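Visitor: Show me how the following folds:
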Amino acid sequence: MLVYAADVAETVRHAGRYGICAGLVGADWPAIRERVFARIDPLSEQAVAFRRRSGVDVHRGEARFVAPRMLEVGGEQLRGERIVLTVGSRPRVPEIDGLAEVPFHTSDTIMRVDALPASMVGRPGSGGGSSGWLRTCRSAAMAYIVQRKDRFYVVAYDGTDPVGA
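Guide: The predicted model follows:
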């Protein structure tokens, strides 16, 4: 959903290519963020309700196996022949020297800021995530991607075209 908003902004930026007089005046980050939350938040509850209507017991919270075929969730022990775990993911903060001494955001916390920063440095979790991250961050004045494979790569986006460094 963030990528779609970034793509719309990019279309406006290049409207002149199609003979359309338009210009991007800016992005209303709080409105973009609220649109995303308004669409995502209800999905979780709808999925839980559907599963419960289908006869599936849904337990939320941190879980751990305490014995064979026994799981503990929120202090409640659950036993079953088959246990299906559907787990969400959380961002992992990489071990980078000096990171703990500076303010930073994860994919979760950046969604809570009231305004996008003028510049951002991102370290997506995978090479495939890099292009999506870059497209999403086009609203920032300057965005950088740092990706590690065998070495670090930096891609800068300054509102025109990405440039590899």
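
Visitor: which residues touch the helix or strand harbouring Ala38?
Guide: Assigned by DSSP states H and E, Ala38 belongs to helix 29-53. Here helix 29-53 makes contact (CB atoms under 8 Å, 6 or more residues apart in numbering) with 1-2, 5, 58, 60, 111, 113-116, 139. In this view, the C-beta of every residue, glycine as well, is placed from N, C-alpha and C.

Visitor: Narrow the residues you listed to those in helices?
Guide: With helices taken from DSSP state H, the overlap with those comprises 2, 5.

Visitor: Now do the contacts for the residue nearest the centre of the chain.
Guide: Closest to where the C-alpha atoms of the chain average out (CA atoms, centre = their mean) is Ser107, at 4.5 Å. Contacts for Ser107 (CB under 8 Å, 6+ apart) come out as Pro91.

Visitor: which residue packs closest to Gly61, ignoring adjacent ones?
Guide: Gly74 (3.9 Å; CB to CB, 6 or more residues apart in numbering).

Visitor: ok, now which ones touch the one you found?
Guide: Counting by CB under 8 Å, 6+ apart, Gly74 touches 59-62.

Visitor: what distance separates stretch 5-21 from the centre of its chain?
Guide: Taking the mean of its C-alpha atoms, stretch 5-21 sits 24 Å from the chain's own mean (CA atoms, centre = their mean, to the nearest Å).

Visitor: Quick one: the strands in this structure, in order.
Guide: 63-67, 70-73, 76-79, 119-122, 142-148, 152-157, 163-164 (DSSP state E).

Visitor: which secondary element of the chain has the worst mean pLDDT?
Guide: Using mean pLDDT, DSSP states H and E, strand 163-164 stands out as the lowest-scoring helix or strand of the chain, at a mean of 40.

Visitor: Find out how far stretch 51-71 is from the centre of the chain, if you would.
Guide: Relative to its chain's centre, stretch 51-71 lies at 26 Å (CA atoms, centre = their mean).

Visitor: in it, what counts as buried?
Guide: Across stretch 51-71, burial judged by 16 or more other CB atoms under 10 Å covers 63, 71.

Visitor: From one end of that stretch to the other, what's the distance?
Guide: Terminal residues of stretch 51-71 are spaced 19 Å apart (CA to CA, to the nearest Å).
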